[in-house]
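Novice: Sequence first, predicted model second:
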2 protein chains.
Amino acid sequence: MSPETRSAGPVVALCGGIGGAKLALGLYRHLGPDRLTVVVNTGDDFEHLGLHVSPDLDTVLYTLSGRNDPDSGWGRAGETWNFMAALEELGGETWFRLGDQDLALHVERTRRLRAGEPLSRITASIAERFGLKARILPMSEDPLRTIVQTPDGPLPFQHYFVREGCEPVVTGIEFDGAADARAQPEVVRALADPSLEAVVICPSNPYLSVDPILAVPGLRSALAACPAPVVAVSPLVGGRAVKGPTAKIMGELGIAATAQSICAHYQGLLDGFVLDVEDAETAGSIGLPTLTAQTVMRTLEDKQRLAQAVLEFARDLAAGAKQKRANS
Amino acid sequence: MSPETRSAGPVVALCGGIGGAKLALGLYRHLGPDRLTVVVNTGDDFEHLGLHVSPDLDTVLYTLSGRNDPDSGWGRAGETWNFMAALEELGGETWFRLGDQDLALHVERTRRLRAGEPLSRITASIAERFGLKARILPMSEDPLRTIVQTPDGPLPFQHYFVREGCEPVVTGIEFDGAADARAQPEVVRALADPSLEAVVICPSNPYLSVDPILAVPGLRSALAACPAPVVAVSPLVGGRAVKGPTAKIMGELGIAATAQSICAHYQGLLDGFVLDVEDAETAGSIGLPTLTAQTVMRTLEDKQRLAQAVLEFARDLAAGAKQKRANS
């Protein structure tokens, strides 16, 4: 590792669930304690069985603390399903699977939310309990809910994603409650921090996982005004999503499933873009500084290596900008 | 079995948790489908971790359907505790242990209660799911909460019973909300049914488990006016409770821990009283017709044998009353 990668500035990552959390883990392991802030999508949150479930926050908490199921990517390792079996016996709703250990998080968070504690403080206390030294922030304390429009009408996100298995054609995506949602103040402060080293938009689904964050009033402009370089990592590899329905949705929305489309989607926000090696030949058409890297993260080493490369890329962008300012 | 025990009238049992549920099971197995109504104490119900827990209803549901843990008497057989372990990791409250399977009942019932469904209908649907052909009725749909007075102030029942392990001295018992609680209409109808064969007050704690039922306005008078013989089974054997704090509480309240005291406690309600064989010599001082029987129920056979004896006793009482009326 070069001495430059040891600079001690904070880093902000924006992410959704599984794919994004992989890079967040890489960043966390690479940066070490107390430098990473992860801003997490809560547009997927929903009330299920009377419990408040925050799928992306949970995936980030589990992944960063090493509690996640490495096979599925969501939920906890060594999970058991006796609650679900008993719920099925009672005729309860079983399409959204809640493991016995995972359930503790939903029950405890729901209890604390009902007692009036903000989601951010509950998340911070769970992170502390899990021994995490990264700051994990919901994008907002307020309900902003992702709604997927389909030919058969609107579907709440989890109904589309889990119950319907992403099968319905997506004709549009809306964010219920966006107008009234207030940005989590710590998120705004983190993005305005003059010592900030980089902002990384993780390879999450831009439409379903990152857009809800950007739909919170004030967060898009905070990102655009951010003093540090903003870098996005493409969730597509050779026109396919590593996981999830990104490419399928792009097709349904009439958008070419390419790295260029992803980059264009983030127009006005990015200082640099990270492409997979498989898409290296498209780098020239991106219209922004690019880094070509191995973005498929199978091992922890993959994650840390990509994190390091992305941060070095951001540092180069910052140095270039400084140079440009000095020359002008 | 004599032909008389085959009479087809309905039977009502009043009970609390573990001890009472044992006899309820004996009655259920002895009577066969569709004849037993169990009126269950809900004074122990409480909100825990944001979930509505009905400990006595659950014990009755699990016991009658063969799902109960035969060792502890409460909760489910083959239970796992992964939720509790994860909750402990999160710093949640763990003094009241909820098993992974058991939790499904609390989550599903809480959800349905919040959606406006009455507790009786939820209980009936769970009973049906469990394949039960007995009618299991909460004494009331309304919150009546047992509060234990101690020298250090009042304790909600489960705090006294589980969290404090029945250690505090009981100086009084109150039923919060009793004045406003309405008797479950089916309970009132069942007690007024002219074809009713018997009412059995199971060997539950009279002060903590049966009194809450009697504290519901209208239920004491419905019991007193009941056309069928009302028989109580003593929860004491030789001055000791088979399980639980009955004898300890009686001592603390200045009441001798004897079968006579139990019988006196139910004054005006009973037509007959069932004593344990160990207390046979006190039968003469009861002042009511008595049956002396083996009341300690270790096996299913014990339970069915006691149930049969109690019902035959009730039938004899009914025949005697008829004879008396005919002679007068």
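Specialist: The structure has been received and is ready for your questions. Residues are numbered from 1 along each chain as shown, chains lettered A, B, ... in the order given.
Novice: in the stretch 201-328 of chain A, which spans are helices?
Specialist: Using DSSP state H, counting those that start in this stretch, the helices of the stretch 201-328 of chain A run over A:211-215, A:219-224, A:246-252, A:259-265, A:300-327.
Novice: cool, the stretch 1-150 of chain A as well?
Specialist: With DSSP H, counting those that start in this stretch as the criterion, the stretch 1-150 of chain A has helices spanning A:18-31, A:55-64, A:82-89, A:100-114, A:119-129.
Novice: just to revisit the earlier point, just name the most buried of the helices of the stretch 201-328 of chain A.
Specialist: helix A:211-215 (a mean of 24; mean count of other CB atoms under 10 Å in any protein chain shown). Any C-beta I mention is one placed from the backbone N, CA and C, and that applies to glycine too.
Novice: average pLDDT across that helix?
Specialist: Across helix A:211-215, pLDDT averages out at 98.
Novice: neighbouring contacts of it?
Specialist: A:14, A:39, A:41-44, A:139, A:144, A:146, A:173, A:175, A:178, A:181, A:219-220, A:223, A:269 (CB atoms under 8 Å, 6 or more residues apart in numbering or on different chains).
Novice: In strands, which of those residues appear?
Specialist: A:14, A:39, A:146, A:173, A:175 (DSSP state E).
Novice: Most neighbours out of those, which is it?
Specialist: When neighbours are counted by other CB atoms under 10 Å in any protein chain shown, residue A:39 leads these with 31 neighbours.
Novice: For that residue, which residues are in contact?
Specialist: Contacts of residue A:39 (CB under 8 Å, 6+ apart): A:12, A:13, A:14, A:15, A:137, A:139, A:184, A:187, A:190, A:213.
Novice: dump the residue contacts of the residue of the stretch 151-300 of chain A found nearest chain B.
Specialist: Chain B sits closest to residue A:158 of the stretch 151-300 of chain A, with a gap of 16.0 Å, by CB to the nearest CB. Going by CB under 8 Å, 6+ apart, residue A:158 touches A:44, A:46, A:48, A:53, A:55, A:96.
Novice: Same list (the residues you listed) but as CSV, adding pLDDT and distance to chain B.
Specialist: Shown next, in CSV, are those (pLDDT from 0 to 100; distance: CB to the nearest CB, whole Å):
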residue, pLDDT, distance to chain B
A:44, 95, 20
A:46, 95, 14
A:48, 95, 9
A:53, 96, 12
A:55, 96, 17
A:96, 93, 12
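Novice: follow-up on the earlier one: nearest to residue A:76, of the helices of the stretch 201-328 of chain A?
Specialist: helix A:300-327 (17.6 Å; CB to CB).
Novice: chain center to the closest one: distance?
Specialist: 20 Å (CA atoms, centre = their mean, to the nearest Å).
Novice: could you give the angle of that helix to helix A:55-64?
Specialist: If you take axes from the mean of the first three to the mean of the last three CA atoms, to 10 degrees, helix A:300-327 sits at 110 degrees to helix A:55-64.
Novice: will you turn the helices of the stretch 1-150 of chain A into JSON lines that also has distance to residue B:75?
Specialist: Conversion of the helices of the stretch 1-150 of chain A to JSON lines gives the following (distance: least, CB to CB, whole Å):
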{"stretch": "helix A:18-31", "distance to residue B:75": "35"}
{"stretch": "helix A:55-64", "distance to residue B:75": "27"}
{"stretch": "helix A:82-89", "distance to residue B:75": "12"}
{"stretch": "helix A:100-114", "distance to residue B:75": "14"}
{"stretch": "helix A:119-129", "distance to residue B:75": "26"}
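Novice: now those in TSV, with mean neighbour count?
Specialist: What follows is these, written out as TSV (neighbours: other CB atoms under 10 Å in any protein chain shown):
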stretch	mean neighbour count
helix A:18-31	26
helix A:55-64	26
helix A:82-89	20
helix A:100-114	22
helix A:119-129	18
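Novice: Quick one: closest of these to residue A:231.
Specialist: helix A:18-31 (10.8 Å).
Novice: And the contacts of that closest one?
Specialist: With CB under 8 Å, 6+ apart as the criterion, helix A:18-31 contacts A:5, A:11, A:13-15, A:36, A:38, A:56, A:59-60, A:63-64, A:68, A:73-74, A:132, A:134, A:200, A:202-205, A:209, A:233, A:235, A:241-244, A:297, A:300, A:302-308, A:310-311.
Novice: And for stretch A:64-76, what's in contact with it?
Specialist: With CB under 8 Å, 6+ apart, stretch A:64-76 has contacts from A:17-18, A:21, A:24-25, A:28, A:38, A:55, A:58-59, A:61-62, A:77, A:79, A:97, A:99, A:101-102, A:127, A:130-132, A:134, A:136, A:243, B:86.
Novice: Based on its surroundings, how many neighbours for the closest residue in space to residue A:142 that isn't next to it in sequence?
Specialist: Counting by CB to CB, 6 or more residues apart in numbering or on different chains, residue A:181 is the residue found nearest to residue A:142 once chain neighbours are left out, at 4.2 Å. With neighbours defined by other CB under 10 Å, the count for residue A:181 comes to 24.
Novice: now do the one 3 residues further on
Specialist: For residue A:184, the neighbour count with other CB under 10 Å is 24.
Novice: Please list all residues in contact with it.
Specialist: A:39, A:120, A:137, A:138, A:139, A:140, A:141.
Novice: Let's see that with 6 Å instead.
Specialist: Taking CB atoms under 6 Å, 6 or more residues apart in numbering or on different chains, we find residue A:184 in contact with A:120, A:137, A:138, A:140.
Novice: who does the helix or strand of chain A with the lowest mean pLDDT pair up with?
Specialist: Between all helices and strands in chain A, the lowest mean by mean pLDDT, DSSP states H and E belongs to strand A:240-241, at a mean of 80. Applying DSSP bridges, strand A:240-241 is found paired with strand A:236-237 (antiparallel).
Novice: any idea of the mean pLDDT for the strand it pairs with?
Specialist: 92.
Novice: Please list the outside residues in contact with it.
Specialist: In contact with strand A:236-237 (CB under 6 Å, 6+ apart) are residues A:259, A:276, A:278.
Novice: residue ranges with poor pLDDT in chain A?
Specialist: Residue ranges of chain A with pLDDT under 70: A:1-7, A:325, A:328.
Novice: What residues does it have near chain B?
Specialist: Selection of chain A residues close to chain B by CB under 6 Å from any CB of the partner chain yields A:49-50, A:80, A:82-83, A:86-87, A:90-92, A:100-101, A:103-104, A:107-108, A:110-111, A:114, A:129.
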